[in-house]
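Engineer: Need coordinates for the following:
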Amino acid sequence: MSQNIKFRSTTILGVRIGKRIAIGGDGQVTLGDIKMKSKAVKVRSFDDGRVLAGFAGAAADAMALFEKFEGKLDETRGNLQRAVVELAKEWRTDKILRELDALLAIMDDKQSYLLSGSGDVIEPDDHLISIGSGSGYALSAARAFIKSGEKNPKKIVEEAMKITADICIYTNHNITILEA
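Structural biologist: Okay, the predicted model is just below:
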């Protein structure tokens with residue numbers, strides 16, 4: 001397989017309104033210009049459902065990072081900010097982990113974070129997080145729903161992801177949504 005062929009896929013969108021959160025991800029995985037899978041699950045819950053996360057990038061790498069994150073969340077007794085910072089530090093400095101190719105979106109009812117292997121820990125200004133090929137479309141649609149008065153995070157994620165799937169060729173309508 002050529003090293004120039006890139007896996008492209010994914011839109012992950014998280015919405016927090018008050019203490020309610022929802023995160024959703026589409027199921028499409030493509031290799032170059034070929035759709036390889038349409039029902040991948042790219043979102044997961046942690047800490048008895050209080051923390052929701054999604055990934056963009058290589059699935060095996062993301063699963064390894066989720067496992068590390070779960071350990072950090074346990075070590076910090078559920079302190080999301082500390083767990084995220086500790087994961088980002090280890091991801092950036094560990095010889096093996098820093099080779100992992102993924103982005104993570106992680107949220108609870110108070111905070112939202114985007115993490116990358118270069119040590120980025122970004123807390124968005126608003127209560128929305130999004131990563132992946134369709135993230136710009138998903139954020140735009142979610143902001144429009146919120147501006148129109150919609151208050152249900154799950155409904156916002158669902159409708160914004162549908163719009164994104166209609167626009168982004170790397171996003172499909174097989175959407176998995178988790179809520180807390």
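Engineer: middle-most residue in the chain, spatially?
Structural biologist: residue 54 (2.9 Å; C-alpha atoms, centre = their mean).
Engineer: Give me the three-state assignment for the nearest residue to it once chain neighbours are set aside.
Structural biologist: Once flanking residues are discounted, residue 54 sits nearest to residue 12: 3.5 Å by C-beta to C-beta, 6 or more residues apart in numbering. Every C-beta, even on glycine, is put in place using the N, C-alpha and C of the backbone. Using DSSP: H, G, I helix; E, B strand; the rest coil, the structure places residue 12 in strand.
Engineer: residues contacting residue 12?
Structural biologist: Shown in contact with residue 12 (C-beta atoms under 8 Å, 6 or more residues apart in numbering): 23-25, 42-43, 54-56, 105, 129-132, 135, 138.
Engineer: make it 10 Å
Structural biologist: 23-26, 42-43, 53-56, 103-105, 114, 129-132, 134-135, 138, 157, 161, 171 (C-beta atoms under 10 Å, 6 or more residues apart in numbering).
Engineer: And for residue 90?
Structural biologist: 65, 68-69, 71-72, 97-98.
Engineer: Select from the contacts of residue 12 every entry located in strands.
Structural biologist: Of the positions in the contacts of residue 12, 23-25, 43, 53-56, 103-105, 114, 129-132 sit in strands, assigned by DSSP state E.
Engineer: Closest one to residue 86 out of these, please.
Structural biologist: residue 104 (13.2 Å; C-beta to C-beta).
Engineer: how near is the closest one to residue 113?
Structural biologist: 8 Å (C-beta to C-beta, to the nearest Å).
Engineer: just residue 98 next, same as before
Structural biologist: Distance from residue 98 to residue 113, by C-beta to C-beta: 18 Å.
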